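S.K.: this is a predicted model, with the sequence first.
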Amino acid sequence: MLKLNFFLVLSVIFSGSLFAQSVSLTIHYDSQAYLSDGSYQTTQFDDLFVRDQQNVWFSRIFPPLLEKLHNNQVEPINKHLDLTSSARWIHKDNSTKGEITLKLFNPKDRTLVSVPKIEFGSVGFDGNWDRAYFLFPPEYLKKMKKTESKQDKLTGYNLDRYESVANNQETSVVWNRDLKIPEKISYKNKNGLLIRNISVTVNSKDLAIIKPWETLGKTIQREYEDYLD
C-alpha cells in the first residue's frame, strides 16, 4: 500500500497537474484606452514574478532613480498600506488541505503584513491559486480555440496560441507548454476602445532563481488589522 501511494503521488506531481517549473519572470503590462473626454491614455509598468512549488511572489519594478526616491519616502508605520510598493507573497501549503496565505512586504519600512482571507480582495488578490501560479488558469484554455502550435526558434520553447470571443471581448493567449505560463496575453474589447497586453520575459528558472521570500532578512511582523481605520 505504501509503495502504491508513493508512486501515485509521483504520478500526480510529474503529470504537471499540481506543479510547474520554478521560474523568475519580468511581466510587462501595457494598456491603451480612449476615455469619455476623447483623450487617449497609455499605462505601462513591470512586475517581478517568482514562483516555486509552494510560493508565488509579485513585486513592482521601479526605474533606479524612482526606486531610490520611492523607498526614501517612509511614512508613519500605522498609516495606510502602500499597495504599489508592497510585494505580494502568496503561499500554498501543499502538505495539508492546500491552505493559501497572503503576506505583503513593504521594503520601505521592512514590514511583513499578514492578510486574512476575508481581505484578499481588498489588496488585489482574488484567492485563485492557479491564476497567481500560472498567470492564466490552464483550465480556461480548454474553453478557447487553439489556432497555432509552433516551436520558438530562439528559445526552443513549444508555444500554443489560443483565441476566444466572449462578453464583447477578444482574448488571445500564447501559452508556453514547457514552462506552463503565458508568453503573451492580449485583451481587446469589440469596439477597440480598450486594449490590454501582458508579455512575459524569462529571467531564470529552476535552481538559478533567487527566491525573494528567502532573502528578506529582518522584518517587522504586523497584522492587516493594524492598518484599518
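M.R.: Perfect, I can see it now.

S.K.: all strands for the chain, in order.
M.R.: 23-34, 40-51, 55-61, 87-92, 100-106, 111-115, 145-151, 158-166, 169-176, 181-189, 194-205, 220-223 (DSSP state E).

S.K.: what helices and strands are in contact with the shortest one?
M.R.: This means strand 220-223. strand 111-115 (3 or more CB pairs under 8 Å, 6 or more residues apart in numbering; DSSP states H and E). C-betas here are computed from N, CA, C, even on glycine.

S.K.: next, the angle strand 87-92 makes with the strand it packs on.
M.R.: 50 degrees (axes from the mean of the first three to the mean of the last three CA atoms, to 10 degrees).

S.K.: so where's this protein shaky on pLDDT?
M.R.: Within the chain, the stretches with pLDDT under 70 are 1-18, 67-80, 96, 229.

S.K.: centroid-nearest residue for it?
M.R.: Against the mean C-alpha coordinate of the chain, by CA atoms, centre = their mean, the closest residue is Ala132 at 4.6 Å.

S.K.: next, count neighbours for the residue nearest to that residue when sequence neighbours are not counted.
M.R.: Distances taken as CB to CB, 6 or more residues apart in numbering put Val56 closest to Ala132, at 4.7 Å, once the chain neighbours are dropped. Neighbourhood size, Val56 [other CB atoms under 10 Å]: 23.

S.K.: could you pull up the residues touching Val56?
M.R.: Residues in contact with Val56 (CB atoms under 8 Å, 6 or more residues apart in numbering) are 49-50, 88-91, 132-133.

S.K.: just give me the closest of the residues you listed to Ser24.
M.R.: Val50 (4.8 Å; CB to CB).

S.K.: returning to what we had before: distance of the residue nearest to Ala132 from Lys145?
M.R.: Using CB to CB, to the nearest Å, Val56 is found at 28 Å from Lys145.

S.K.: next: Lys184.
M.R.: From Lys184 to Lys145 the distance is 16 Å (CB to CB).

S.K.: between the two, tell me which one has more neighbours.
M.R.: For Lys184 and Lys145, the more surrounded residue by other CB under 10 Å is Lys184, and the numbers stand at 16 against 10.

S.K.: re earlier: export the strands of the chain to TSV and tack on distance to Pro212?
M.R.: Below are those laid out as TSV (distance: least, CB to CB, whole Å):
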stretch	distance to Pro212
strand 23-34	9
strand 40-51	6
strand 55-61	5
strand 87-92	7
strand 100-106	8
strand 111-115	12
strand 145-151	32
strand 158-166	28
strand 169-176	22
strand 181-189	18
strand 194-205	12
strand 220-223	17
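
S.K.: closest one to Glu214 among those?
M.R.: strand 55-61 (9.1 Å).

S.K.: pull up the pairing partners for that closest one, direction included.
M.R.: Strand pairing for strand 55-61, using DSSP bridges, gives strand 40-51 (antiparallel), strand 87-92 (antiparallel).

S.K.: report the distance from stretch 156-172 to the chain centre.
M.R.: The chain centre lies 18 Å from the centre of stretch 156-172; the measure is CA atoms, centre = their mean, to the nearest Å.

S.K.: between the two ends of that stretch, how far is it?
M.R.: 21 Å (CA to CA, to the nearest Å).

S.K.: tell me which residues are up against it.
M.R.: Applying CB under 8 Å, 6+ apart, the set of residues contacting stretch 156-172 from outside is 141, 143-152, 173-179, 183-191.
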